[in-house]
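> coordinates only, sequence not included:
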């Protein structure tokens, strides 16, 4: 389904376990943004729907009491994914800039030994 091997393995496991009887009822994440940190928010909702389509309810420990069935809950979830995507881009940029800085200073990008 996606280009994320472990996520696809997880979905296959959920589908297999819940094929005949509902054995797994909840998918618990520490933060909603841990499901996906996409460049495209629609991808995050697609991944969420894939999990829910197996009959499993998603529980996010960082958003207790948020009712996603309301407009406000959906807005909050959308903002959460947008911020997570922004953070991901910033982290990638910082890592890249750090590697460039190390190269400019005569070091290998992943090592602490001089070239």
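Yep, it's here. Small disclaimer: the values here were computed from a predicted structure and weren't measured.
> what about the closest residue to residue 66 other than its chain neighbours, distance to residue 44?
Spatial nearest neighbour of residue 66, chain neighbours left out: residue 73 (5.0 Å); criterion: C-beta to C-beta, 6 or more residues apart in numbering. Every residue, glycine included, has its C-beta placed from N, CA and C. Separation of residue 73 from residue 44 (C-beta to C-beta, to the nearest Å): 15 Å.
> do residue 72 as well
Taking C-beta to C-beta, one finds residue 72 at 18 Å from residue 44.
> Look at these two and report which has more neighbours.
residue 44 (23 against 10; other C-beta atoms under 10 Å).
> give me every residue that touches the nearest residue to residue 41 once chain neighbours are set aside.
The spatial neighbour of residue 41 that comes closest, neighbours along the chain excluded (C-beta to C-beta, 6+ apart), is residue 81 at 4.8 Å. Residue 81 makes contact with 32, 33, 36, 38, 41, 44, 45, according to C-beta atoms under 8 Å, 6 or more residues apart in numbering.
> How about residue 19?
With C-beta under 8 Å, 6+ apart, residue 19 has no contacts at all.
> that's a strand at it, yeah?
No: applying DSSP: H, G, I helix; E, B strand; the rest coil, one finds residue 19 to be coil, outside a strand.
> Could you look up the SS state of residue 58?
Per three-state DSSP, residue 58 ends up strand.
> Check whether residue 28 sits in a helix, strand or coil.
Residue 28 ends up strand, using three-state DSSP.
> I'd like the distance from the residue nearest the centre of the chain to residue 103, if you could.
A centroid search over the chain (C-alpha atoms, centre = their mean) returns residue 36, at 1.9 Å, as the residue closest to the centre. Distance, residue 36 to residue 103, by C-beta to C-beta: 31 Å.
> and what of residue 24?
Applying C-beta to C-beta to residue 24 and residue 103 gives a distance of 47 Å.
> Would you mind telling me which of these two has more residues around it?
residue 24 (16 against 12).
> Report pLDDT for the more buried one.
Reported pLDDT at residue 24 in the predicted model: 87.
> And it, how close does it get to residue 16?
To residue 16, residue 24 is 10 Å away according to C-beta to C-beta.
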